[in-house]
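Q: I'll drop the sequence and a predicted model, then ask my questions.
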Amino acid sequence: MEEILLKRCEWVGKEEIYIKYHDEEWGKPVHDDRVHFEFLVLESAQSGLSWITILKKRENYRKAYDEFNVKKVSNYTEEKINEMLMNEGIVRNRKKIEASINNAKRFIEIQQEFGSFDKYIWRFVGGTPLINQWKEISELPSKTELSDDISKDLKKWGFKFLGSITIYSYMQAVGLVNDHIIGCCYRNSIIDEK
């Protein structure tokens, strides 16, 4: 039997972990605060590294960050930071770890103000994903005016390590923007899902 080859976004490559992430998660609208927090931590950790590096460490992050329980993370102590700095399964960068704890506290403040982080973040796109019309992966921006605005707003709340480029990657991950290229077999399924 002949194998049918699906056309995916060019960045996917052949690694199973990348294919699974692209096919099952990337660009699908997220409305779960735990998942929002997970992607904020992971995207921040990825800064300066490749996304595949973080994907390969994702399960280690889930264990190290108590399944991304924002309340638990907000209460991490210096002892916990030191434990994480010894954990070879995650990116051992003190500033990124400290930023994630700070960001957990700010995340909770937004939840208290808006009812959920999800309500806060989706208002930037009017509750509906932005659907781009890219034909080539080279057309995808690394940041936009909107990611600049979101990053600035998060900084006003006191978030750290979430610059515009990191925020744009986060927006792609959680479906605020659909950047699957035209012709990608998963592009329309996400559009139809919303």
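A: Nice, thanks for sending it over. Numbering: from 1, shown residues only.

Q: got a list of what the residue found closest to Q46 once you drop the neighbours it is linked to in the chain touches?
A: Using C-beta to C-beta, 6 or more residues apart in numbering and skipping residues adjacent in sequence, the residue nearest Q46 is I54, 4.5 Å away. In this view, the C-beta of every residue, glycine as well, is placed from N, C-alpha and C. Contacts of I54 were listed using C-beta atoms under 8 Å, 6 or more residues apart in numbering, and they are 42, 45-46, 61, 91.

Q: mind checking how far I54 is from S47?
A: Per C-beta to C-beta, to the nearest Å, I54 is found 10 Å from S47.

Q: Check V12 too.
A: Applying C-beta to C-beta to V12 and S47 gives a distance of 21 Å.

Q: before we move on, what about S189?
A: Taking C-beta to C-beta, one finds S189 at 30 Å from S47.

Q: Mind picking out the helix or strand in the protein with the poorest mean pLDDT?
A: helix 187-193 (a mean of 69; mean pLDDT, DSSP states H and E).

Q: from the chain's centre, how far out does the longest helix along the chain sit?
A: Assignment by DSSP state H gives helix 94-114 as the longest helix of the chain. Once both centres are worked out by C-alpha atoms, centre = their mean, to the nearest Å, helix 94-114 turns out to sit 15 Å from its chain's centre.

Q: helices and strands around it, which ones?
A: The contact analysis (3 or more C-beta pairs under 8 Å, 6 or more residues apart in numbering; DSSP states H and E) places helix 94-114 against helix 33-46, helix 70-74, helix 78-85, helix 117-122, helix 145-157.

Q: Please give the number of neighbouring residues around C9.
A: 20 (other C-beta atoms under 10 Å).

Q: meant to ask about D179
A: 25.

Q: Confirm for me that it is in contact with Q172.
A: Yes. In terms of C-beta atoms under 8 Å, D179 counts as a neighbour of Q172; the distance is 5.1 Å.

Q: Give me the common contacts of those two.
A: G27.

Q: if I pick the closest residue to S169 other than its chain neighbours, what's in contact with it?
A: Leaving out its chain neighbours, the residue that sits closest to S169 by C-beta to C-beta, 6+ apart is E43, at 5.1 Å. E43 makes contact with 162, 166-167, 169-170, 173, according to C-beta under 8 Å, 6+ apart.

Q: what would the residues you listed look like in TSV with neighbour count?
A: Output for the contacts of E43, formatted as TSV (neighbours: other C-beta atoms under 10 Å):
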residue	neighbour count
L162	22
T166	22
I167	28
S169	21
Y170	25
A173	24
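
Q: So which of the residues you listed is the closest to W26?
A: A173 (6.2 Å; C-beta to C-beta).

Q: Let me see the contact set for that closest one.
A: Contacts of A173 (C-beta under 8 Å, 6+ apart): 25-27, 30, 39, 43.
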